[in-house]
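In: The following block contains a protein sequence and its predicted model.
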Amino acid sequence: MRNIITFAAVFGSSLLLAAPMAAAKPASPFSGLAGSWSGGGTASFDGGRSERLRCTASYRPGGSGNTLAMTIRCANASLNVQLNGNLRYQNGRVSGSWSESSTGAGGSAAGRAGASSLRLRIGGDLSGNLSVSYSGSSQSVSIATNNSAFRRASFSLKRR
């Protein structure tokens, strides 16, 4: 009986000591994006023309939260784009690849992620920036390019 009590005391103490260590491990920022989102915004083009957009996004974290598969689709009567990304997170830094389905463009992505934001520099067939800020059930997305007739898109999404 004494062995059982000693075992229980040691086991219980080890759980109490391990709990703060487990809690100290930072969660991946990708977990806050998980799921499906929808909303709208605007796209701007060379010459100052702008158009309204309807957008959806899907984010699927994997690999214990350290990878993210993302798809962002935006469309209107004259525009239909689908941006896909596969990202890896490690120690605040993000790296990976992106592609756009309608044009076949693609390249690399690198940047930083925090508890409520993702900031990427994209390179390859197109260069620019992708920024996602999120909190709870809303997010704001901004995409800017340097070498395309498409200049910028900004839109707000709500969790579905």
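Out: All right, it came through fine.
In: and stretch 118-129, how far apart are its ends?
Out: End-to-end distance of stretch 118-129 (CA to CA, to the nearest Å): 11 Å.
In: Please report the residue range of the longest strand in the protein.
Out: In the chain, assigned by DSSP state E, the strand with the most residues is strand 50-62.
In: Quickly run through the sheet partners of that one, with directions.
Out: Counting by DSSP bridges, the strands paired with strand 50-62 are strand 35-45 (antiparallel), strand 67-75 (antiparallel).
In: which one of those is the most hemmed in?
Out: strand 67-75 (a mean of 19; mean count of other CB atoms under 10 Å). For every residue, glycine as well, the C-beta is placed using N, CA and C.
In: CA atoms of it as PDB?
Out: Taking C-alpha atoms only, strand 67-75 is exported to PDB below (Å, rounded to 0.1, in the frame of the first residue of the first chain):
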ATOM      1  CA  THR A  67       2.500  24.100 -41.500                       C
ATOM      2  CA  LEU A  68      -0.300  25.900 -43.200                       C
ATOM      3  CA  ALA A  69      -2.100  25.200 -46.500                       C
ATOM      4  CA  MET A  70      -4.000  28.200 -47.600                       C
ATOM      5  CA  THR A  71      -6.300  29.100 -50.500                       C
ATOM      6  CA  ILE A  72      -7.600  32.600 -51.100                       C
ATOM      7  CA  ARG A  73     -10.100  33.100 -53.900                       C
ATOM      8  CA  CYS A  74     -11.400  36.500 -55.100                       C
ATOM      9  CA  ALA A  75     -13.700  37.200 -58.000                       C
END
